[in-house]
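Student: what's the 3D shape of this:
(one chain, ligands or ions: 3)
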Amino acid sequence: MKTRAAVLYTPNTPFQIETIDLAPPQHGEVLVKISAAGVCHSDWHLVTGATDHPLPVVAGHEGAGIVQAVGDGVTRVQIGEQVALNWAPNCGDCFYCRHGRPSLCATYVAPIWAGTMMDGTTRLSRNGQPVYHFSGLACFADYAVVPQESCVPIPHEVPAAVTAVLGCAVTTGVGAALNTTPVQPGDTVAVFGAGGVGLSTIMGAKLAGAERIIAVDVSAEKSAMARSFGATDTITADEDVIARIQALTAGRGADIVYEAIGIPSVQEQCLAAVRPGGTLVLVGLSPMGTATNFPSAIIARQEKTIVGSYYGSADTSRDFPRYAQWYREGKLDLDRLITRTYTLDQINDAYTDMLAGTLARGVILLA
Ligand SMILES: NC(=O)c1ccc[n+]([C@@H]2O[C@H](COP(=O)([O-])OP(=O)(O)OC[C@H]3O[C@@H](n4cnc5c(N)ncnc54)[C@H](O)[C@@H]3O)[C@@H](O)[C@H]2O)c1
Ligand SMILES: [Zn+2]
Ligand SMILES: [Zn+2]
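Tutor: Ligands and ions are numbered 1, 2, ... in the order given. The predicted structure is shown next:
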């Protein structure tokens, strides 16, 4: 069959909307009619080259849709179900899956980063040449063939755009605050970067009972947004950020600092904002090949901890339905996380808006 898709051919060029070929789902695969796809910064890392990936690629890894057809051996979903898509499918059987760390599943790492399906081939092609799938999802498209392990059923009552953002921003951000380094009631946390991920971290910190939530962003527009999701204090990056955080924490620094941007120099600044004995959680993805210069002399003497957080340390089969339920109960205000919706043809505008710092989250709605 054919599908419209946003294809990236070369770094630093716009996405091209084209009609390309999509082969039927094979063993263990699912054809999903995509209904919504979130505009996450991780797709932009493909455009800048910060994330290295085989090209051409169809990006999009924060998706929702309806199951249209299934290949042999599919047991997890049925035709007609709404699914949120998991960009880090887990096998249930490897060392990490058996040790309660499914977001680190080792089984699919190689094909995912090769831009293929789990069998090492692509379902997408153009003029007989392979087009690669980002994260096995490639959901900036009307249709996608995905592994069944990526499909998590979500009730139809949850709107498509909300179901989509469960697939990355919400699970990454809320999960960082609840799973990776759980916020304790009364904690003071600082969140650097108030995009879809950082605002979700703020929501998670609030749910966990943080007393003070300090949001730091370059964009002044993000202050009001961050407050509306639970930030008690906001700082713009041009201020003396460390001095402001110290002033808000009796000179100590925050109990937990979450970096949700992905800039090494900001990650270093974040460590200075952590109190002795506190934790820095790295959520933002810095460009592949870059490094930070963390002061080990201070880390040892002040017992600071630095941890990475991948996909909010999620078990997506547990966490997607849980966050969907919290949305339905009014505990997660995910309608307001979606600032604007776009058509697939407007994808480049959506990324311009994301980079301008005007969006909590943008979501592309497919026809
Ligand atoms: N660890 C994971 O599993 C995971 C999952 C999803 C996204 N990410 C990463 O998280 C990061 C954030 O993603 P997003 O979709 O929320 O991005 P976004 O573009 O929506 O938000 C980033 C925010 O950071 C702000 N910002 C930029 N430079 C800044 C600076 N120097 N100081 C303070 N604020 C600054 C921007 O104004 C914006 O509000 C990206 O690096 C993305 O790739 C990681
Ligand atoms: Zn596994
Ligand atoms: Zn993402």
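Student: for whatever residue of the stretch 101-250 of the chain ends up closest to ligand 2, which non-adjacent residue is closest in space?
Tutor: Using CB to the ion, Cys105 is the residue of the stretch 101-250 of the chain that sits closest to ligand 2, at 3.2 Å. In short, each C-beta sits where N, CA and C put it, glycine included. Residue nearest to Cys105 in three dimensions, not counting chain neighbours: Asn90, with 3.8 Å by CB to CB, 6 or more residues apart in numbering.
Student: report how many residues lie close to that neighbour.
Tutor: Using other CB atoms under 10 Å as the criterion, Asn90 is surrounded by 24 other residues.
Student: Gly100 is in contact with that one, correct?
Tutor: No - at 10.9 Å, Asn90 does not count as touching Gly100 under the criterion of CB atoms under 8 Å.
Student: which neighbours do these two share?
Tutor: In terms of CB atoms under 8 Å, 6 or more residues apart in numbering, Asn90 and Gly100 are both contacted by the residues Asp315.
Student: specify the local secondary structure of the residue nearest the centre of the chain.
Tutor: Nearest to the centroid of the C-alpha atoms of the chain, with distances taken as CA atoms, centre = their mean, sits Cys168, at 3.3 Å. Using DSSP: H, G, I helix; E, B strand; the rest coil, the secondary structure recorded for Cys168 is helix.
Student: now do the same contact list for it.
Tutor: Cys168 touches Gly38, Cys40, Ser42, His61, Glu62, Trp87, Gly196, Val197, Tyr311, counting by CB under 8 Å, 6+ apart.
Student: once you drop chain neighbours, what's closest to whatever residue of the chain ends up closest to ligand 1?
Tutor: Closest approach between the chain and ligand 1, counting by CB to the nearest ligand atom: Gly195, at 1.8 Å. Nearest in space to Gly195, with sequence neighbours left out and distances taken as CB to CB, 6+ apart, is His41 at 6.3 Å.
Student: what's the neighbour count on that neighbour?
Tutor: Using other CB under 10 Å, His41 is surrounded by 22 other residues.
Student: equivalent analysis for Asp52, please.
Tutor: A count of nearby residues for Asp52, using other CB under 10 Å, gives 13.
Student: Leu365 too?
Tutor: Burial of Leu365, expressed as a neighbour count using other CB under 10 Å, amounts to 16.
Student: can you tell me how far the residue nearest to Gly195 is from Val32?
Tutor: Shown here: His41 relative to Val32, a distance of 23 Å by CB to CB, to the nearest Å.
Student: could you identify the helix or strand that succeeds the helix or strand hosting Asp43?
Tutor: Here Asp43 sits within helix 41-48, counting by DSSP states H and E. Under the assignment DSSP H and E, the closest C-terminal helix or strand after helix 41-48 is strand 57-58.
Student: packing partners of the very next helix or strand once past that following strand?
Tutor: Read in the C-terminal direction, the helix or strand following strand 57-58 is strand 63-70, with elements assigned using DSSP H and E. Strand 63-70 makes packing contacts with strand 29-38, strand 82-85, strand 143-147, helix 160-165 when contacts are defined by 3 or more CB pairs under 8 Å, 6 or more residues apart in numbering; DSSP states H and E.
Student: swap the cut-off to 7 Å and go again
Tutor: Secondary structure elements in contact with strand 63-70, counted by 3 or more CB pairs under 7 Å, 6 or more residues apart in numbering; DSSP states H and E, are strand 29-38, strand 82-85, helix 160-165.
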